[in-house]
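Novice: quick one, structure for this:
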Amino acid sequence: MQSTLKKNKKPIILIFIANYLPGFKYGGILVTVSNTIDYLNKEFEFKIITRDRDLNSRKPYEGIIYDEWQNVGNAKVRYLKPKDINFKYLISLIRDTDYDLIQLNSFFDSIFTLKVVLAKKLKLVSDKPMIIAPRGELMEGDFNKKFLKKFLFVKLALFTGFYDKLIWQASNKLESQSFKKIMNVKSDSVSIALDLPTKKYLNKISNKKPVRLIKSDKLKIVFLNRLTREKNLDYALKIIKRLGENVIFDIYGPKQDKKYWSECEDIIKGVDKITEIAYKGSLPPNKVIETFSGYDLFLHPTKVENYGHTIVESLIAGTPVLISKGTTQWDKIEDEGMGWVASLSDIDLFVKKIKRLMNEDFEIRFKRREIICSKIKDFLINPDILKQNID
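Specialist: Numbering: from 1, shown residues only. Okay, the predicted model is just below:
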């Protein structure tokens, strides 16, 4: 990346993202962008253009300043009112902003990606380098949602060359393969930069001791993520239903897809009354690790995960995870004694692994939490990942 930028100053990266801090409901994409800025702000200056409110919120953030750049963490942010989110205003804003490179954080976003790419294609803004990071949108689990609409859009984009001459950023090899499969992107146009863990959480790990849970006859299981089809809560509920045991299953996350949540509620109605299921609402980021620490297991049978920030947060809390095999980059956790993996094609294996955990001695469970807390920092920190993001 740096070789294409100016050498006589700190390069300026202009980032477009639908929702940013102080919001949190946009999930992993927001966390990934924020983490990248926290790690790389010494090498780059970051400017962000985003909405003035959280995902699906009608109210703007309190205390924000309009029509000027505002310091938020290690970046300068320009918050846009709904009336300002239009093609003409975005063009004028880009023209008036000093930057060396644009980064987009969606493939399909009609405003913060498509309008920006169109402005470049029509030569209405500078022809400076532009990176597109689809953030998992082209991976199978996500792409198959509203498949026909997306399939037709991709065909049109390929026919018109809409995304030609952009630099493609993938979070892992699996995602880079989706670029080639769906968009025919050549290998030399793809840069793989693994996502970075949240810095403030890593700084706390060295002094962290696992929480010793109160002994209980009931295993406490948690699902914590956006409540969307690709995160697969319905599958998790089917696991719990098939388990048919006296367990507690708590659900956290924004109801981003109301129709999908209604389908999940129908499954809940059919679960044996011996199982306690509760929806606990959304959590602010500073409460996630603390919440995870109160559970015996994080059940996360996701269809697709670009990085898996909630997986990392669970492990930092010392809570083992049970995740789907081949849909995240964390398949090795079972070898490390930090959790388990099972294929989505074998729901009975998920059930078996939970029953095995239920039958474990309480001290064995606590010993696993100690192992997780002792291993997690070395497991997450890799100097090569930082270099990938800079390059």
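Novice: please make it C-alpha for all contacts and neighbour counts, starting now.
Specialist: Noted.
Novice: list phi and psi for the residue nearest to N56 when sequence neighbours are not counted.
Specialist: For N56, ignoring the flanking residues on the chain, the nearest one in space by C-alpha to C-alpha, 6 or more residues apart in numbering is Q256 at 7.8 Å. In this entry, Q256 is assigned phi and psi values of phi -70, psi -30 (degrees, to the nearest 10).
Novice: my guess is Q256 contacts T228. True?
Specialist: Yes: because the distance of 6.2 Å satisfies C-alpha atoms under 8 Å, Q256 is recorded as touching T228.
Novice: which of those two has more neighbours?
Specialist: Using other C-alpha atoms under 10 Å as the criterion, Q256 and T228 rank with T228 on top: 21 against 16.
Novice: tell me how many other residues crowd the closest residue to the more buried one other than its chain neighbours.
Specialist: When the adjacent residues along the chain are set aside, T228 lies closest to D257, with 5.6 Å between them (C-alpha to C-alpha, 6+ apart). By the measure other C-alpha under 10 Å, the count of residues near D257 is 12.
Novice: E43 is in what secondary structure piece?
Specialist: Element membership of E43 [criterion: DSSP states H and E] is none; it lies in no helix or strand.
Novice: mind checking pLDDT for it?
Specialist: For E43, the model assigns a pLDDT of 93.
Novice: next one: N246
Specialist: Among the per-residue scores, N246 shows a pLDDT of 89.
Novice: I'd guessed it sits against V271; true?
Specialist: No: here N246 does not reach V271: they are 11.2 Å apart, not a contact under C-alpha under 8 Å.
Novice: between the two, which one's more packed in?
Specialist: Ranked by neighbour count (other C-alpha under 10 Å), N246 and V271 place V271 first, with 19 against 16.
Novice: contact partners for the more buried one?
Specialist: Under the criterion of C-alpha atoms under 8 Å, 6 or more residues apart in numbering, the contact list for V271 reads 240-241, 244.
Novice: and after the host helix or strand of E313, which helix or strand comes next?
Specialist: Secondary structure assignment for E313, by DSSP H and E: helix 309-316. Next helix or strand after helix 309-316 toward the C-terminus (DSSP H and E): strand 321-324.
Novice: so for the longest helix seen in the chain, mean pLDDT?
Specialist: Of all the segments assigned as helix in the chain under DSSP state H, the longest by residue count is helix 362-380. Regarding helix 362-380, the rounded mean pLDDT is 87.
Novice: any idea of the angle it forms with helix 309-316?
Specialist: For helix 362-380 against helix 309-316, the angle between stretch directions is 120 degrees (axes from the mean of the first three to the mean of the last three C-alpha atoms, to 10 degrees).
Novice: and helix 362-380, how far from the chain's centre?
Specialist: Offset of helix 362-380 from its chain centre (C-alpha atoms, centre = their mean, to the nearest Å): 24 Å.
Novice: packing partners of that helix?
Specialist: Helices and strands touching helix 362-380, by 3 or more C-alpha pairs under 8 Å, 6 or more residues apart in numbering; DSSP states H and E, are helix 199-205, helix 309-316.
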